[in-house]
Structure formats: C-alpha cells, structure tokens
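> let's see this in three dimensions:
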Amino acid sequence: IIKKMKSKYDSGIVVSYTTIPESYFDFIFFIMRRAVKKAYNYYKEVLHIMSGTKSKEMDLTVGSPFWSLLKFAIPVILGNLFQLFYTLADSVIVGKTLGANSLAAVGSTSIIIYFVFCFINGFTGGFGICLGQRCGAKDEKGMRKSVAASTLLSIIFTIALTLICCLLAHQILRWMQIPSDISGEAYDYMFVVLLGTGATVFYNMISNMLRALGDSKTPLYFLVFSSVLNIFLDVLFIVPLHMGVAGAAWATILSQFLSAVLSLIVGLKNFPILHLHRKDFHDLKDTISLHLKTGFPMGFQMSVMCIGQLAMQTVVNSLGTAAVAGYTAASKADQLSVLVNNAMMTAISNYVAQNFGAGKKERIRQGVRASLIQTEGFNFLMCIGILILRHPIVRMFLSDPTVEIYHYSDAYLTIVAPFYFILGLLAVYRTSIQSMQNGRAPFATCMIELVMRIAATVGLSGIIGYTSVCIASPLAWFGACALLIPVYYRMMKRPLASAS
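Sure, this is the predicted structure:
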C-alpha cells in the first residue's frame with residue numbers, strides 16, 4: 001500500500017528511495033505535513049469564528065429533548081469511536097507486523113489499562129456533572145470554582161495514580177497469570193501506557209468540562225486529528241524504528257496528549273469561564289468536597305466493573321495464548337458497543353445535570369425517554385453488524401487466525417451481542433440517577449455487577465469453561481437493571497429537591 005501511495009507522489013513531492021524503511025519515512029513525513037497544514041488552517045478558522053466574547057455553550061434546558069440529546073451525543077459518539085481507533089490501531093498494527101504473541105501480550109494487559117482509564121473517566125466525569133449543574137443554574141461564580149477544584153484534584157490524582165500503577169506493574173502481571181512467553185512484551189506495553197496516565201487525565205478533564213458547558217464538538221475535532229496521528233506514529237515506531245509493542249503504547253500516549261492540548265487551547269478561546277484567576281482558588285473546601293463526593297464514587301463504580309472483567313481476563317489467560325488472542329479480538333469488537341453506550345451516558349449525564357440544576361423534572365423525564373430510544377436503536381444496529389462481521393473482525397487483527405482462535409471469538413460475540421439492549425438500559429438509568437445526586441443506588445448496582453461477574457466466571461469456569469466468561473457480563477447487566485429501574489421511577493415521583 002505504501003509503495004502504491006508513494007508512487008502517486010514521486011513527481012517532485014516525495015523523494016524516491018530504493019529501500020523500504022526510507023520510503024516509510026518519506027510517506028509518513030508527507031502525510032504528517034499535509035495533516036498538520038490542514039489542521040493549522042482549520043484551527044485558524046476556528047479561532048476566527050470563536051474570536052467573539054460570547055460563550056458557545058449549548059443550553060440543554062431548552063428546546064426539544066430528543067434533538068438536543070442527539071445533537072449533543074453524535075459528536076461524543078464519533079469522538080469515542082476515534083478514541084477506540086487508538087487501541088484498534090495498536091492491535092491491528094501489532095497483530096499484522098509483530099504476530100499473534102505480541103497481540104496476545106497487548107490484549108492480556110488491556111483490562112488493567114481499561115481499569116485505570118475507567119476510573120479516570122468516572123472521576124473526571126463526576127467533575128463534569130458538578131460543573132453542568134452550576135451551568136444549568138446559571139451560577140458563574142460556582143462554575144469558576146468548579147473548574148478550579150477540578151484542575152487541582154486532577155493534578156494531585158495524576159501524580160498519585162502514576163506512581164502507584166508504575167510501581168506495581170510487575171506485581172500486577174504476576175496476579176494476572178500472564179503466560180511466560182508474552183509476559184515481557186506485556187510489561188513493556190502496560191508500563192508505557194500507565195506512565196502516560198497524565199495525558200489521559202488531562203484529556204478527560206478538559207473534554208468533560210467542555211461537554212458540561214454544552215460543547216461536544218471541540219473534543220471531537222482534535223481527537224480525529226490525533227487519531228490519524230496515532231496510526232502513523234504506530235507505523236513509524238513499530239516498523240522503521242523497531243520499538244515493538246512499546247512503540248504502539250508511546251504512539252497512543254503522545255496522540256492523546258496532543259488532543260488534550262489542542263482542546264484546551266480552543267476551549268480557553270471559546271469559554272471565558274475557563275480563564276481562572278487567583279481568587280477562584282480561594283475557599284474551595286466545600287467545592288472540593290462536593291467534587292470528591294461525586295467524582296470518586298463514579299470512578300470507583302466504573303473501576304469496580306472492571307474488577308469483574310479482570311476476573312474474566314484471568315480465566316482466559318489460564319486457557320492459553322489462542323484463547324487470549326481470540327478473546328482479545330472479540331473484546332475489541334465488543335468495545336464498540338461499550339463506547340457508544342458511554343457516549344449516550346455522557347449526553348444524558350450533562351442533560352440531566354443541567355436540568356436538575358434548573359429544577360426541570362418533567363424535562364428530565366422526557367430526556368431519559370428520548371435517550372432510551374436513541375441508545376437502543378444504536379445497540380440494535382451494533383448487534384446486527386457485529387454478528388454478521390465477526391469473522392472479518394478477527395482477520396482485521398490477525399493475518400492467519402486458526403480455527404481455535406475463531407472458536408473463542410465466535411463464542412463470546414454470539415452470546416454477548418444480543419444482550420446489548422440490557423446494557424443500554426443500564427447506561428441510561430444509572431447515569432440519570434447519578435446526575436440527580438444519588439450515588440448510593442449506582443454504587444450498589446456496581447457491587448451487584450462485580451459479584452455476579454466473579455460468581456459466573458470463577459464459580460462456573462470449572463463446569464462450563466470458557467462459556468462462563470461469555471455469560472458473565474449479560475448476567476451482571478440483568479442484576480444491575482433489576483435495582484436501578486425501580487429506583488429511577490421512585491425518584492421521579494418525588495420533588496427534585498428531595499429526589500436524591
């Protein structure tokens with residue numbers, strides 16, 4: 001492909017070389033130069049449009065709930081899909097260039113990385129809810145203090161999390177029973193990603209702030225650019241520079257950091273509320289307390305769900321490299337549904353937070369109903385698409401998948417995909433309840449999910465083997481919904497002031 005692309009630009013644009021590694025450099029340099037030029041031109045246009053002092057936040061307390069949610073959710077969905085490309089690019093390029101063992105090494109640690117990222121997403125997402133409530137109440141002073149508190153807590157959290165994760169990296173691999181033939185590459189990949197935790201916190205913090213203010217487009221614009229950059233850095237680091245799986249990890253971290261920086265630059269230009277002053281950091285005790293009460297439970301809830309998935313990954317690791325490779329390919333496809341549902345969670349979270357701050361209970365009810373229709377529509381399409389394309393999905397990650405690898409990937413996708421509609425119910429109801437300052441019920445459902453995942457995986461693995469891994473998530477979703485749905489309707493019968 002590179003030779004064909006290169007030949008199109010040989011006439012004075014790309015210098016012709018005789019060796020493949022040099023042509024990689026030329027090709028990457030040409031595409032990067034074009035991408036940076038286009039991004040710079042777009043950035044100047046964006047700044048020109050945003051040069052006025054009027055804030056561009058989207059007010060979710062007025063207008064049609066259905067279209068307001070959809071307009072807000074689409075950029076978030078696209079952003080999450082491009083974020084998925086980070087890990088997909090790593091997996092595809094690693095699997096195609098370095099082989100099945102390297103892909104298994106990346107996949108065997110993915111749940112740990114996902115565990116950390118889930119906590120970060122939930123933690124900063126809680127900050128976004130606090131800011132969204134102040135935005136809905138039109139409290140400018142409260143908004144500034146929310147941004148200040150979020151910034152301080154994110155810095156402290158980044159330092160602590162990076163130290164803990166990097167120091168425990170070797171011990172984590174031993175706990176997970178990583179096969180010895182892939183443990184070295186698994187450590188290289190996981191350590192680099194965890195070392196770059198600050199980039200992930202930075203991106204999620206600024207993205208959740210912008211979304212809380214109603215802007216879901218700015219994070220998308222620069223995430224698209226950084227996703228393209230990630231793919232080319234993957235090729236650069238892995239093929240010509242021979243950095244192995246660590247190169248894929250560095251490509252992901254550097255790309256995400258760039259996305260965060262660009263989002264911050266445009267956010268500062270677009271939203272005067274993000275320009276902090278020294279006085280905004282005074283008397284933050286109550287604000288920090290509220291952010292911790294909202295952010296930590298959400299982060300803990302999302303990470304608790306990953307503990308159950310960690311038990312699933314441990315069982316898969318004990319079945320050998322073929323099982324890990326098949327499960328990895330299937331779980332990458334399964335992440336598509338998770339990310340789309342997370343996008344709908346982001347939309348309904350900011351919608352409910354703003355309307356909760358404005359005291360509009362009936363509008364919250366209408367928005368939840370609209371979000372359910374949209375979420376289940378997306379889940380139906382994803383279920384059909386994944387079931388039809390389950391074999392091409394595996395071939396996307398591996399050049400020559402064996403029958404055994406197909407067996408493991410098929411078993412997982414055919415069991416889990418039909419239950420995506422339950423995941424949709426869980427996503428909408430749990431996030432709506434959280435955004436109305438009720439943290440107890442969502443936390444309880446996370447514990448239900450944890451217990452049911454571990455019970456199904458560990459308790460049944462000796463009886464039904466790999467099938468126990470496949471049924472664990474649907475059972476956990478059923479158990480959580482059995483509690484959340486009655487709690488939501490009970491809350492909506494009360495006045496908003498006492499709903500939580």
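
> for the residue nearest to residue 281 when sequence neighbours are not counted, grab the count of nearby residues.
In this structure, residue 281 finds its nearest non-sequential neighbour in residue 148, 5.0 Å apart by Cβ to Cβ, 6 or more residues apart in numbering. All C-beta spots, glycine's among them, are computed from the backbone N, C-alpha and C. For residue 148, the count of nearby residues is 20 (other Cβ atoms under 10 Å).

> how close does residue 148 sit to residue 214?
Distance of residue 148 to residue 214, computed by Cβ to Cβ, to the nearest Å: 20 Å.

> quick one, what contacts residue 454?
307, 308, 311 (Cβ atoms under 8 Å, 6 or more residues apart in numbering).

> who's in contact with the second one?
Under the criterion of Cβ under 8 Å, 6+ apart, the contact list for residue 308 reads 449, 450, 452, 453, 454, 457, 472, 476.

> could you say which helix or strand holds the second one?
Assigning secondary structure by DSSP states H and E places residue 450 in helix 440-464.

> average pLDDT for that helix?
For helix 440-464, mean pLDDT rounds to 85.

> determine how far the helix or strand just after that helix lies from the middle of the whole chain.
Once helix 440-464 ends, the next helix or strand along the chain (criterion: DSSP H and E) is helix 467-491. Relative to its parent chain, helix 467-491 has a centroid offset of 21 Å by Cα atoms, centre = their mean, to the nearest Å.

> stretch 128-140 now?
From the chain centre to the centre of stretch 128-140 is a distance of 23 Å (Cα atoms, centre = their mean).

> other residues contacting that stretch?
With Cβ under 8 Å, 6+ apart, stretch 128-140 has contacts from 57, 60-61, 142-143, 146-147, 149-150, 208-209, 211-214, 273, 287, 290-291, 294-295, 298, 349-350, 353-358, 434-435.

> output it in PDB, but only the C-alpha positions, please.
What follows is stretch 128-140, C-alpha atoms only, in PDB (Å, rounded to 0.1, in the frame of the first residue of the first chain):
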ATOM      1  CA  GLY A 128     -18.300  17.400  34.700                       C
ATOM      2  CA  ILE A 129     -21.600  16.700  36.500                       C
ATOM      3  CA  CYS A 130     -20.800  19.300  39.200                       C
ATOM      4  CA  LEU A 131     -19.900  21.900  36.500                       C
ATOM      5  CA  GLY A 132     -23.100  21.000  34.500                       C
ATOM      6  CA  GLN A 133     -25.300  21.600  37.500                       C
ATOM      7  CA  ARG A 134     -23.800  25.000  38.100                       C
ATOM      8  CA  CYS A 135     -24.100  25.800  34.400                       C
ATOM      9  CA  GLY A 136     -27.800  24.800  34.500                       C
ATOM     10  CA  ALA A 137     -28.300  27.100  37.500                       C
ATOM     11  CA  LYS A 138     -26.500  30.000  35.700                       C
ATOM     12  CA  ASP A 139     -24.100  30.300  38.600                       C
ATOM     13  CA  GLU A 140     -20.900  31.800  37.100                       C
END
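
> next, the buried residues of that stretch.
128, 129, 130, 131, 132, 133, 134, 135, 136, 137 (16 or more other Cβ atoms under 10 Å).

> in terms of pLDDT, where does the fourth one sit?
The predicted local distance difference test score for residue 131 is 85.
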